[in-house]
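# After the sequence you'll find the predicted model.
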Number of protein chains: 2
Amino acid sequence: MEMQKIYNFSAGPAVLAEDVLKQAAEAAVNYDGHGMSILEMSHRSAPIVDMVTETRQLIRQLLNVPENYKILFLQGGASLQFSMIPMNILKDGETVDYTETGVWSVKAIKEAQRYGNVNVVSSSRESVYNHIQKDFKQSTDQVYLHVTSNNTIYGTQWQKFPEANGFLVGDMSSDIFSRPIDVSQFGVIYAGAQKNMGPAGVTMVIIRDNLIGRSGRDLPAMLDFAIHADKDSMFNTPPVFAIYVVNRTLHWLKALGGVESMHVQNKSKAKFLYDEIERNPLFTSPILVEDRSLMNVPFIFANGGDEPHFLNYCTERGLLTLKGHRSVGGFRASIYNAMPKEGVEALVDAMQNYT
Amino acid sequence: MEMQKIYNFSAGPAVLAEDVLKQAAEAAVNYDGHGMSILEMSHRSAPIVDMVTETRQLIRQLLNVPENYKILFLQGGASLQFSMIPMNILKDGETVDYTETGVWSVKAIKEAQRYGNVNVVSSSRESVYNHIQKDFKQSTDQVYLHVTSNNTIYGTQWQKFPEANGFLVGDMSSDIFSRPIDVSQFGVIYAGAQKNMGPAGVTMVIIRDNLIGRSGRDLPAMLDFAIHADKDSMFNTPPVFAIYVVNRTLHWLKALGGVESMHVQNKSKAKFLYDEIERNPLFTSPILVEDRSLMNVPFIFANGGDEPHFLNYCTERGLLTLKGHRSVGGFRASIYNAMPKEGVEALVDAMQNYT
């Protein structure tokens, strides 16, 4: 009996490339022929230092990160960056603008309020974040403008980033490496790895070097970008295995042609699914067309229906974790970089055959 | 040709049990028959929530943690706890006592100074931490007394913890689960996993529930014990894989008889090595006998010698990472729980045959 092919549409932690997983398993028992598991090896040993250094270089290369930006590997997820970024950058009394495009941006706003004047200059809260409010006025004394590049729960995505009066700060946790970006538009880009880049447990921060230490605050060492930058993310023991899985994922991405090539594939996969949602009278998308995400595709029954029944039907076909976030209901297919086209085709096939 | 058996004496990340590593590798491709890698699975999925819950229960059982203590899984290592603990517990102007037994305690002291009056009541700095200064006077208005239970770099260990005027706070990163402890002596116990418990990337905190929120400070969500306790360490995405490796390590430990049994084995392994250091005229220990660690055993040439030559000689015999910390030099054998007796025997054999 052949095992059923499983496609994992989880919003995060999320699908990773099969080859990457096999390499991770191998490294967990014997890392690169060293006779030790990567889980046992000192972060100060040459093979691990080399691997972490190479991961930074891959990021610099794949995202075309200018030389005046540092690339850091930290812990605590985007959630800790919600605090770390304003605490490291903002001086008391300075002003920042935040765009409110979903729950994660609301959390970022709440944390920033401890460190400066936070203006929420754009919000789609009243329509349950089913679009991005792109027509807004920025503060004239703005230090930075914060955007959540992709909103995992609602399925919206900034297709083009606004020009900031100051500089942009972007939470890219759910669409990093899914498309080309112009890093120089941003002062800081941050991303938890567990959607498009690796497993839970490591957070990437790309920061323009003249912003490090800008706030002048006396910060705990572990919350101070200056210390992490100075120590090449080895101030204390970094999450070695999570960084390794990122390393393998970036090699996989590079072999496939990098972010430009990935973007082409992501557009193709997303179009295939959105086209079916438009075509199929059973389903509809609650999201404004121009803001639709290439990463997370929510859809609902157009005229009501039995949601658990459809989810069970999908599960039987090996199409897993398609339930929408508890705050919005319905269905959500997360189709990150590592979701193969065949997975989207299998889902569309299931939608077409559902009665 | 048989592959040479390798013994990894790294101080951390450090040796893990072979069975644990095999299970980690299996889970990296297919977790518990779910057809998905544990690296890809949502932290909100039932199998992962169950695994994290079971890990907490195992800790409670193995360390006999009283019901009025919370067990948290956090990120950022002991280094972040150096700040989080005083920031969550201490009110402005309150006094705490710290014992200075090595570099890690120095870092803990430095971070605590932001949040209260820190008295360093005991120090062995002048003798390069070759013993623990156990005769000292505590502050009468002390909130807590901080100890580093085992000093990885120097090879000292508190054999018996002092009675605190307030309560004890213990950094047990390098000897947690190596011996029985009386948790009720402590207000907080914390430990990075990467020595005796698992891989880098997760930190365990055991905290008496009436200390949570004690400081009354308005803290960033990710630095607030109250939020992590309230959400069962699922406020944001926890480091799932690292927790899983801890889970497997604790099952392995339990099957071997728990911490009491482990303590017997650790004493036996350490005695075997210390006896050789005493017996062998080539080597000597710089550490006061009564404070010697069961986990990290530093030794030096008694009358000088070629350190790189001995290290190469050991490496050729599959005895790896025996170099002492750069701050003290010489050699150091870290013989945590997962170091088999055979590893210590192989090292002693090498020491006996070295000329």
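Now that the structure is in, tell me what you want to look at. Numbering: from 1, shown residues only, chains lettered A, B, ... in the order given.

# quick one: secondary structure of A:Glu163?
State at A:Glu163, reduced to three classes by DSSP: H, G, I helix; E, B strand; the rest coil: coil.

# need the residues of the stretch 1-150 of chain A near chain B, please.
Counting by C-beta under 8 Å from any C-beta of the partner chain, the stretch 1-150 of chain A comes close to chain B at A:3-4, A:6, A:8, A:10-16, A:21-22, A:24-26, A:28-29, A:35-37, A:39-43, A:45, A:75-80, A:82-83, A:87, A:107, A:110-111, A:114. Just so you know, the C-beta spots here come from the backbone N, C-alpha and C atoms, and that holds for glycine as well.

# which of these count as buried?
A:6, A:8, A:10-16, A:21, A:24-26, A:28-29, A:35-37, A:39-43, A:45, A:75-80, A:82-83, A:87, A:107, A:111 (16 or more other C-beta atoms under 10 Å in any protein chain shown).

# Up against chain B, what does the stretch 151-300 of chain A have?
Checking the stretch 151-300 of chain A against chain B by C-beta under 8 Å from any C-beta, the hits are A:192, A:194, A:198-202, A:218, A:220-223, A:235-242, A:245.

# Can you pick out the ones from those residues that are in strands?
Among these, the members falling in strands (DSSP state E) are A:Gly192.

# Can you report how many residues lie near A:Glu67?
Using other C-beta atoms under 10 Å in any protein chain shown, A:Glu67 has 7 neighbouring residues.

# Is it located within a helix, as I assumed?
No: using three-state DSSP, the secondary structure at A:Glu67 is coil, not a helix.

# Mark which of the residues of the stretch 1-150 of chain A next to chain B are part of helices, please.
A:21-22, A:24-26, A:28-29, A:77-80, A:82-83, A:87, A:107, A:110-111 (DSSP state H).

# which residues touch the longest helix seen in chain A?
The residue-count maximum for a helix in chain A (DSSP H) belongs to helix A:258-279. With C-beta atoms under 8 Å, 6 or more residues apart in numbering or on different chains as the test, helix A:258-279 has contacts from A:62-63, A:177-181, A:253, A:256, A:283-285, A:292-295, A:297, A:299, A:333, A:335, A:337, A:339, A:341, A:344-345, A:347-348, A:351-352.

# in chain A, which spans are helices?
Going by DSSP H, chain A shows helices at A:18-29, A:46-62, A:77-89, A:103-112, A:225-230, A:240-255, A:258-279, A:307-316, A:341-353.

# which of those sits most buried?
Highest mean neighbour count among these (mean count of other C-beta atoms under 10 Å in any protein chain shown): helix A:77-89, with a mean of 25.

# Distance check, A:Gln194 against A:Asn266.
18 Å (C-beta to C-beta, to the nearest Å).

# swap that for A:Ser127, sorry
25 Å.

# go on, A:Asp291?
Distance check for A:Asp291 against A:Asn266: by C-beta to C-beta, it reads 16 Å.

# residue ranges with poor pLDDT in the stretch 101-250 of chain A?
The stretch 101-250 of chain A contains no residues with pLDDT under 70.

# Tell me the gap between stretch A:324-335 and the middle of its chain.
Distance of stretch A:324-335 from the chain centroid (C-alpha atoms, centre = their mean, to the nearest Å) equals 16 Å.

# repeat for stretch A:32-46
That offset, for stretch A:32-46, works out to 28 Å (C-alpha atoms, centre = their mean).

# How about stretch A:7-16?
12 Å.

# Dump it to CSV, restricted to CA.
In CSV, the C-alpha atoms belonging to stretch A:7-16 read as follows (Å, rounded to 0.1, in the frame of the first residue of the first chain):
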residue,chain,number,x,y,z
TYR,A,7,0.2,18.4,1.9
ASN,A,8,0.5,20.6,4.9
PHE,A,9,-1.3,24.0,4.6
SER,A,10,-0.4,25.1,8.1
ALA,A,11,0.1,28.9,8.5
GLY,A,12,3.2,28.3,10.7
PRO,A,13,5.3,26.5,11.6
ALA,A,14,4.8,25.5,8.1
VAL,A,15,5.8,23.2,5.2
LEU,A,16,9.6,22.9,4.5
